[in-house]
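[1] What shape does this take:
(2 chains, ligands or ions: 1)
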Amino acid sequence: MHLYTYDGSFEGLLTVVFEAFERKAWPTAIEQEQVAQPSMFGDTIRVVTDEQKSGRVWQGLQRRLSKGALEALYYTYLWEQSGFEQLVFDYARLAFESEESIEGNYTATCVLQVQQIHKQVHREKHRMEAFVRFQKSADGLFYATITPDFNVLPLIIRHFERRYADQRWAIYDTRRRYGAYYNLVSTAFINLETQAVSPKRYGVLTADQYDAEEAKYQQLWQVYFDHVNIPERKNPKLHLRHIPRRYWKYLSEKQPRQLKNLS
Amino acid sequence: MDSKINDKLKILADAAKYDVSCSSSGGKRKNDNKGLGNAEGMGICHSYTEDGRCVSLLKILLTNFCIYDCAYCVTRKSNDIKRAAFTVQEVVDLTINFYRRNYIEGLFLSSGIFKDADYTMERLVRVAKKLRQEHKFNGYIHLKTIPGASDELIKEAGLYADRLSVNIELPSEKSLQALAPEKNYSEILVPMGSIKQQLVQAKEESKLFKSAPVFAPAGQSTQLIVGASAESDQQILQLSDQLYKGYSLKRVYYSGYVPVSADNRLPIITEPPIIRENRIYQADWLMRFYGFDVKEIVDEQHPNLDLDIDPKLSWALRNRHAFPVEMNTADYEMILRVPGIGVKSAKKIVSARRFAPLQFEHLRQMGVVLKRAKYFITCQTKSLQRQDYESDQLRRKILFGDGSARSALLTQQLDLFRQVG
Ligand code: SF4
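    Below you'll find the model as predicted:
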């Protein structure tokens, strides 16, 4: 029984892979050190993130895996659902121990699972790219908040950088409490909590902080949304399949038709 | 609140919504001028209407004044409705402001014909030109070409637009004459042909000169109305087939006729033929991605698609001699023809079987709908069905069998709408 703990970073997780191979002691559990319960049976190995070790593991994986598979592995880390560390480990181990490429070997459970997670996380990434709604603030910043199911903020930055190269924008993940801010040159991660704002108001703008035309365009968008609909074809079930209710909070077209606090 | 623009948007979105195309895929416009927007690759649906269609573009008419009187169209001259017209600047502002807020991928601009074709087309082109040149807009632009517009204008439109479309609307010349007497097939097909030529030419030039101007990089599309006239599915699909092959169309869209007028030239229906439209899309899908020839899907004996089951299952039931298909050895093309196996699972099957002999459990995990597929496949010569059924029995079993099969079929229909974008 070997419990490995690490600091929660991707590099940390790769360091776990390194240490496990070094000791030939395969983990029975991998946990973040802040949440890990000391194991009653067997040993606990506290892994300290090491750039060199994690780098070597990554390079080794790069030699054995395609870009798509490496991405899938990273996505599995961002998936954050219970057991993701073990999956990343199992996949890496299988890759290192197989003579041939393991990609496409969907008869191996971890390969199929990583592939499915890749798809899931990708879908969430895609949904965020679609459902993020920017609001223009008085100083010209386009601002949006998100609470994605998985930690996809790092994955959507490139998309928005390319799309909105000529406007300042920020996207804030209110669940994971960090954001990305693009200043017309580059994008940096930001943390609003260091500023003198009360936690309840992270990401909330007051009416006078909006651009004068913001309410107008939100309302026009609602008008548009109501008028592209063809009532004769109404299909609420299909509608919900495309936009599950938990995403409605992002969508201005799904908000009540009177925007009291804005107009 | 600017109530004038509000009203215009209501009227001109309402009038544009029967054009079902909302695709923003296939653009190649990169944001390399540090401008606004990027239309590379796959389009994004930013929302869905309550009828479950993708909302990807700001789809509006420039105006719904029209000098023509096509029976199936809400905008027709004789229809007593409110009319409105946007200015070029209003459309530009709406597009830019919606785009900046991530509401849309771009603009789909069409128009009723006011004054004459060229006058109208010229304004559509001006909107696109302004977006590209003054606003460095790299988002998606789809322009409808107005029947009868001059070659030069169409050529110019292609310089700014990602996609051009000429709607045929009625699947035969005869129906067109009856329902849209001011139009004729050649007026529609000529611009289609010339767009095709421009596309080919632009492609060749771009091989020679890197900086050659692009022409509608996302190609051209058209729309056919289903159910406003008497054509069979066979006629419709044959026409699509010709359009794909002869005019290299990217997409043919099908729009189940929504009764918008009591014009006595039109059939009296109360509901749009949604299931039929859905089946036609499935058939179209089979032609484009599953390697089916139109003749395999519909023929003289079966001129109309079966409304109860999808065309792939329908084909399989008519061609039992081609089954069962052995998952461990069959060609990809044949695996693709098995009911219950889509493109993705077919690819996975071909990939996974290089590593280990496939069992049914593997297939299930890969997303194969065994409930339907089981009648048509074997894994290492083993079958999941104990008995050999006649096609009729099979059809009933799949439709009504195991209790939940019916609902599975309905969900599958819903799925199809998702692919239609
Ligand atoms: S020309 Fe176009 S807009 Fe005018 S009535 Fe005919 S279909 Fe409608």
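[2] from here on, contacts and neighbour counts on C-alpha atoms
    Fine.
[3] got any ranges where chain A has weak pLDDT?
    A:38-39, A:193-205, A:258-263 (pLDDT under 70).
[4] Excluding chain neighbours, what is closest to residue B:372?
    Distance criterion Cα to Cα, 6 or more residues apart in numbering or on different chains; nearest residue to residue B:372, sequence neighbours excluded, is residue B:340 at 5.4 Å.
[5] dump the residue contacts of that neighbour.
    Residues in contact with residue B:340 (Cα atoms under 8 Å, 6 or more residues apart in numbering or on different chains) are B:368, B:369, B:370, B:371, B:372, B:373.
[6] Tell me how far the residue nearest to the second one when sequence neighbours are not counted lies from chain A.
    The spatially closest residue to residue B:369, leaving aside those adjacent along the chain, is residue B:340, at 4.8 Å (Cα to Cα, 6+ apart). Here the distance between residue B:340 and chain A works out to 19 Å (Cα to the nearest Cα, to the nearest Å).
[7] isn't there a helix covering residue B:340?
    No - checked against DSSP: H, G, I helix; E, B strand; the rest coil, residue B:340 lies outside a helix; its state is coil.
[8] For it, give its distance to residue A:213.
    50 Å (Cα to Cα, to the nearest Å).
[9] Also residue B:387?
    69 Å.
[10] again, but for residue B:244
    Following Cα to Cα, the distance that separates residue B:244 from residue A:213 is 44 Å.
[11] Neighbour count for the two, which is higher?
    The residue with more neighbours, out of residue B:244 and residue A:213, is residue B:244; 17 against 14, by other Cα atoms under 10 Å in any protein chain shown.
[12] so who does the more buried one touch?
    By Cα under 8 Å, 6+ apart, the neighbours of residue B:244 are B:250, B:251, B:252.
[13] Verify the stated contact: residue A:221 with residue B:98.
    Yes - using Cα atoms under 8 Å, residue A:221 is in contact with residue B:98, at 7.4 Å.
[14] For the spatially most central residue of chain B, which residues are in contact?
    Closest residue to the average C-alpha location of chain B: residue B:253 at 3.4 Å, with Cα atoms, centre = their mean. Each residue near residue B:253 by Cα under 8 Å, 6+ apart is listed here: B:20, B:21, B:221, B:222, B:223, B:224.
[15] Just the mean pLDDT for the helix or strand containing it, thanks.
    Here residue B:253 sits within strand B:251-256, counting by DSSP states H and E. On average, the pLDDT along strand B:251-256 is 88.
[16] before we move on, back to that, so which of the contacts of residue B:340 would you say is closest to residue A:57?
    residue B:368 (35.1 Å; Cα to Cα).
[17] Which pLDDT value goes with the closest one?
    88.
[18] now residue A:102: how far from the ligand?
    55 Å (Cα to the nearest ligand atom, to the nearest Å).
[19] I meant residue B:255, not that one.
    13 Å.
[20] got the contact list for that residue?
    Per Cα under 8 Å, 6+ apart, neighbours of residue B:255: B:18, B:19, B:20, B:223, B:224, B:225, B:226, B:277.
[21] Are we agreed that the fifth one is in a helix?
    No - for residue B:224, which was evaluated using three-state DSSP, the result is strand, with no helix membership.
[22] ok, now which ones touch it?
    By Cα under 8 Å, 6+ apart, the neighbours of residue B:224 are B:167, B:168, B:169, B:170, B:171, B:252, B:253, B:254, B:255.
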